[in-house]
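>>> Got a predicted model here, sequence first, then my questions.
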Amino acid sequence: MDGQADLRVVNARVVTPSGSIDGGVAAADGEIVAVGSERNLPDADRTIDAEGNYLIPGFIDPHVHWGLSRYEYEYHEGLAHDFETETRGAVHGGVTSVVNFLLQPDPYVPDMDFFREVGEENSYIDFAYHAIVHQDHHVEEIQDLAEEGVRSFKVFFNWYKHASPELGIDHSDAGRVYKVLDDVADIPGGVVMFHAENEDLAIERRKELQEEGRNDLEAWSESAPNICEAMQIEQIGRLTEFTDSRAYIVHMSTGEGVDICERFQEKGVNLHAETLPAFLAHTKDKDLGNWGKISPPLRGEESKKRLWEGLRNGTVEYLGTDHCPHKIEFKEKDTGKYGDVWDAIPGDNNGIEYFLPVMMSEGVNKNRLSMERLVEVACENNAKRWGLYPRKGALAEGSDADMVIVDLDKSRVVDDDFYHTMEPGYSTFHGEELTGLPTHTIVGGEVVVEDDELQVDKGGRSYLARGPEGVVRE
Ligand SMILES: [Zn+2]
């Protein structure tokens, strides 16, 4: 490129789609204009010396639930609130794009202008949407939502009977699942996402455990045993094959799930899987109290091992967080960390901010995953699956200059000062020391967090409308 760039990062180990190199990246007008050795980069207004640390694309979190602070606010107010507080955490943690799940009983299309503006005005990062289709009128909206840039649709197999009736989640019998898969099969880039847990079995198990007087975190795991997930993934795989559609298992937690996905993938069925840092780092016997009540529940050592293997061998292609912003009082139902496990609210808090640190700490620094493979599953693959690539998810000329400098030796204990979100008081990683943290987060060529200090105001970010060919730059 001729002329002056806005920003250069030099003296870095740069992870690019074609391998890692020693050098740097230059950005102008929000885009990457050069990747290479320092002497081949243009001059810039500002140069950051990465001091030999890694420079990687910002993480993309494809699984967050902004608006779950709806228990304190009306849903749309909650969205405005969470976009600000939770993406503020995101940039501190090295996450630079997010795909949020829309969830309301009303149709989505009439509110799309609001959904676009609420993010543009309140977010620190660019964003896209999935829609949770849990009413007949949502299923009827699928084609129109695709026109609005929403091409992924989620179905819950749990929840609809007993948990959270206030969310108004309707049934997801095989007929509806068939219909959604069949409709989405015809949409270019369309994907159906599934929370794969059999609720009918879980209800009986819950009753039995409660009658035995059990009330502990392991009982929560035993109430939705591995077979709950395995049964649903098996059904999803078969219906996906039958409809020749595309399916994505969110937060897959079991070794059984890895085996089933592998079998369908070998047959050429479009069945894909995401897992969470929590399932890669924790097991069900960990002393987390009700902070460890997540859905699906934590599993045993065998599943954890199999999920790491799946990430390495390609069966598990995606990472997300399932970040649920709940206040601690609400999570614990005011009964404390070791209160009633059956009453406590499922879901983990603050995933978006611990996402990168946990994966560096547990993955790269423990030699379970190479930095290059981590960049694939947390950046590149997420961007490709959700139509954001190559604008997002790559350090390459023409991509958005969303990047993170990671110091693999920098460490911190996760305490009340660690997080920058609405509720810094808890997560499944509270009290643990994490090693491998961002030193700089850059969004659209602008340094947004430097040495743990926020540098910018909220807002001015883009809604990533996904067309038949993915997102195009305006
Ligand atoms: Zn979720």
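Perfect, I can see it now.

>>> CA only for contacts and neighbour counts going forward, please
Fine.

>>> List the backbone torsions phi and psi for I32.
phi -80, psi 130 (degrees, to the nearest 10).

>>> That one contacts G398, correct?
Yes - if you go by CA atoms under 8 Å, I32 and G398 touch, sitting 5.4 Å apart.

>>> Between those two, which is the more surrounded one?
Per other CA atoms under 10 Å, whichever of I32 and G398 has more neighbours is I32, with 26 against 16.

>>> List the buried residues in the helix or strand containing N100.
N100 is part of strand 95-102, with elements assigned from DSSP states H and E. By neighbour count, with 16 or more other CA atoms under 10 Å as the criterion, the buried positions of strand 95-102 are 95-102.

>>> just those now: which is nearest S411?
Nearest to S411 out of these is V95 (CA to CA; 17.7 Å).

>>> Pull up the gap between the closest one and E380, please.
V95 sits 13 Å away from E380, taking CA to CA, to the nearest Å as the criterion.

>>> before we move on, the earlier item: between the buried residues of strand 95-102, which sits nearest R385?
For those, the nearest to R385 is V99 (11.2 Å; CA to CA).

>>> residues touching that closest one, list them.
60-64, 127-130 (CA atoms under 8 Å, 6 or more residues apart in numbering).

>>> Then E120?
E120 makes contacts with 126, 459-463, as judged by CA under 8 Å, 6+ apart.

>>> Quick one: buried ones out of those residues?
Buried subset of those (neighbour count, 16+ other CA under 10 Å): 126, 459, 461-463.

>>> related to what we said a few turns ago, just among the contacts of V99, which is most surrounded?
Highest neighbour count within the contacts of V99: I60, with 32 neighbours (other CA under 10 Å).

>>> now the helices: where do they sit in the stretch 301-450 of the chain?
Assigned by DSSP state H, counting those that start in this stretch, the helices in the stretch 301-450 of the chain fall at 301-313, 328-331, 351-358, 371-375, 381-385.

>>> Of all those helices, which one is nearest D407?
helix 351-358 (10.0 Å).

>>> Pull the residues that contact the closest one.
Outside helix 351-358, the residues that touch it by CA under 8 Å, 6+ apart are 59, 61, 64, 86, 89-95, 277, 320-324, 419, 427, 429, 434-438.

>>> Next step: those residues restricted to strands.
Judged by DSSP state E, the contacts of helix 351-358 include 59, 61, 64, 95, 434-438 as members of strands.

>>> what helix or strand does the nearest residue to P346 once chain neighbours are set aside sit in?
Nearest-residue entry for P346: I294, 4.7 Å, with adjacent residues in sequence omitted and distances by CA to CA, 6 or more residues apart in numbering. For I294, there is no host helix or strand (DSSP H and E).

>>> ok, K304 - contacts?
Here K304 is in contact with 253-255, 279-283 (CA under 8 Å, 6+ apart).

>>> meant to ask about V25
8-10, 14, 32-36, 41, 395 are the contacts of V25 under CA under 8 Å, 6+ apart.

>>> For T96, see how far away it is.
Between V25 and T96 the computed distance is 17 Å (CA to CA).

>>> now do D6
19 Å.

>>> again, but for G320
Taking CA to CA, one finds G320 at 13 Å from T96.

>>> what residues are shared contacts of these two?
Common neighbours of G320 and T96 (CA under 8 Å, 6+ apart) are I60.

>>> Tell me where the stretch 201-350 of the chain has strands.
246-249, 270-275, 318-319 (DSSP state E, counting those that start in this stretch).

>>> Name the stretch among those strands that sits most buried.
Mean neighbour count (mean count of other CA atoms under 10 Å) peaks for strand 318-319 among the strands of the stretch 201-350 of the chain, with a mean of 28.

>>> contact partners of that strand?
61-62, 273-277, 311, 377-378, 381-382.

>>> do you know which of the strands of the stretch 201-350 of the chain lies nearest R46?
strand 318-319 (32.7 Å).

>>> How far away from the center of its chain is that closest one?
Centroid separation for strand 318-319 versus its chain: 7 Å, with CA atoms, centre = their mean, to the nearest Å.

>>> what lines up beside that strand in the sheet?
strand 270-275 (parallel) (DSSP bridges).

>>> and the angle from the partner strand to strand 59-64?
Calculated by axes from the mean of the first three to the mean of the last three CA atoms, to 10 degrees, strand 270-275 forms an angle of 100 degrees with strand 59-64.

>>> What are the contacting residues of strand 270-275?
So strand 270-275 is contacted by 237, 240-241, 244-253, 261, 264-265, 307, 315-321 (CA under 8 Å, 6+ apart).

>>> Got a PyMOL select line for the buried ones in the residues you listed?
Buried residues within those, by 16+ other CA under 10 Å, are selected in PyMOL with:
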select buried, resi 237+240+241+244+245+246+247+248+249+250+251+252+253+261+264+307+315+316+317+318+319+320+321
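
>>> Quick check: chain neighbours aside, which residue is closest to L288?
T428 (6.7 Å).

>>> Can you report how many residues lie near that neighbour?
26.

>>> Could I get the pLDDT score of it?
Listed pLDDT for T428 reads 98.

>>> That one reaches L280, doesn't it?
No - using CA under 8 Å, T428 is not in contact with L280, being 11.9 Å away.
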